[in-house]
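Participant: build the 3D model from these lines:
(one chain, ligands or ions: 1)
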Amino acid sequence: MESPFKADALKGKVALLTGGASGIGFEISAQFGKHGASIAVMGRRKNALDAAVSALRSLGIPAVGFEGDVRRDEDAKRVVEATVKHFGKLDILVNAAAGNFLVAAEDLSPNGFKTVIDIDAVGTFTMCHEAFKYLKKGGQGRSSSSGGGSILNISSSLHVTAFWYQSHASAAKAAIDSLTRNLALEWGTDYDMRVNGIAPGAIGATAGLRKLMPQEIFNKAIEEWPLDKIGEKWDVAMAALYLASDAGKFINGTTLLVDGGYWLSRPRY
Ligand code: HXC
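Facilitator: Numbers count the residues shown, from 1 in each chain. Sure, this is the predicted structure:
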């Protein structure tokens, strides 16, 4: 689908995306690139990174990939620094890396809970923390005339109410949304940065949907879904463009639900 945004909406911007090589993260990478940004993607799987970077470059997008795990402080620091070294600065950080699996709380080990918290919530904080000195107003690599950069944290709609077999991921995503508000307050006030989030609902052709919603449940649920459909990765990427571009210049501390209104309903399944 054609973008409603102008092709230069992110012209001259440099974006680093964790989890940017696949799923929703990759769609945001591609749309940011198509709208003028240079793209660095960070991920754990070299094959996925290589494929993403060549796909982006084939669209004429300046792109680079860095292997790394957001759970490792040294990886976060190295990748942020490598991005700035490669492109000269950093304007936008998108935290899209996530780990998840379906498991009943009674079968979830404390280490399983901790693993997802570490990837999603602690990883998001670690990346924000490492990127801060480049994103803040007057930060390293920023021109004196530009304000601060921005951060987008991808969470989910899991914790808006509750979701079966997702106690670990719901807790992690709730922590991310809370972090979004607190960083927006502190870093917006002191450093002219914007920090926002996107909470996607069920989005087609993603690992999340495949893992979390078996086909028979999906077939029943869709009958009562508001808007009568699930979302596309494109929908999330357009929300990201809105929040990261000047269109969203007065939006700070918001997590935008991109779920078609699903959270309003309690489907009868
Ligand atoms: C129960 C599990 C489990 C499972 C792992 N664990 N998989 N427990 N059911 N299916 C437990 C393990 O037993 C272990 O605890 C602990 O978690 C760590 O497991 P490891 O395999 O050592 O961890 P690791 O190799 O780091 O793998 C991380 C992962 C993995 C999260 C478990 O699945 C992963 O990274 N997946 C790829 C990313 C992904 O899933 N992306 C989609 C996100 S979807 P013990 O106690 O045994 O040591 C998303 C969208 C949600 O976030 C919104 C939808 C609406």
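Participant: drop to CA atoms for contacts and neighbour counts, all remaining ones
Facilitator: OK.
Participant: now residue 144: phi and psi?
Facilitator: phi -70, psi -20 (degrees, to the nearest 10).
Participant: residues contacting the nearest residue to it once chain neighbours are set aside?
Facilitator: Distances taken as Cα to Cα, 6 or more residues apart in numbering place residue 138 nearest to residue 144, at 6.0 Å, with adjacent residues excluded. Residue 138 makes contact with 144, 146-148, according to Cα atoms under 8 Å, 6 or more residues apart in numbering.
Participant: quick one, helices of the stretch 101-250 of the chain?
Facilitator: Counting by DSSP state H, counting those that start in this stretch, the segments of the stretch 101-250 of the chain that form helices are 110-117, 123-135, 167-191, 207-212, 215-221, 233-244.
Participant: who's in contact with the residue in the stretch 151-269 of the chain positioned nearest to the ligand?
Facilitator: Nearest residue of the stretch 151-269 of the chain to the ligand (Cα to the nearest ligand atom) works out as residue 208 at 3.5 Å. Contacts here follow Cα under 8 Å, 6+ apart; on that basis residue 208 touches 100, 202.
Participant: rounded mean pLDDT for stretch 95-109, please.
Facilitator: Stretch 95-109 carries an average pLDDT of 97.
Participant: contacts for that stretch next, please.
Facilitator: Residues outside stretch 95-109 that contact it (Cα under 8 Å, 6+ apart) are 17-20, 24-25, 43, 70, 116, 119-120, 124, 127, 151-155, 164-167, 169, 208, 211-212.
Participant: buried subset of those residues as a ChimeraX selection?
Facilitator: Restricted to buried positions by 16 or more other Cα atoms under 10 Å, the ChimeraX selection for these reads:
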select :17,18,19,20,24,25,43,70,116,119,120,124,127,151,152,153,154,155,165,166,167,169,208,212
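Participant: residue 174 is in contact with residue 157, isn't it?
Facilitator: No - taking Cα atoms under 8 Å as the definition, residue 174 is not a contact partner of residue 157, at 9.1 Å.
Participant: who has more neighbours out of the two?
Facilitator: Remark: of residue 174 and residue 157, residue 157 carries more neighbours, 22 against 18, as counted by other Cα atoms under 10 Å.
Participant: was I right about that one contacting residue 257?
Facilitator: Yes - counting by Cα under 8 Å, residue 157 touches residue 257, with 6.9 Å between them.
Participant: please enumerate the shared neighbours of these two.
Facilitator: 199-201.
Participant: using JSON lines, please lay out those residues together with neighbour count and distance to residue 50.
Facilitator: Shown next, in JSON lines, are those (neighbours: other Cα atoms under 10 Å; distance: Cα to Cα, whole Å):
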{"residue": "199", "neighbour count": "21", "distance to residue 50": "27"}
{"residue": "200", "neighbour count": "24", "distance to residue 50": "26"}
{"residue": "201", "neighbour count": "23", "distance to residue 50": "28"}
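Participant: mind checking which of those residues are in strands?
Facilitator: 199-200 (DSSP state E).
Participant: now, which of the shared contacts of residue 157 and residue 257 lie close to the ligand?
Facilitator: With the criterion set as Cα under 6 Å from any ligand atom, the members of these near the ligand are residue 201.
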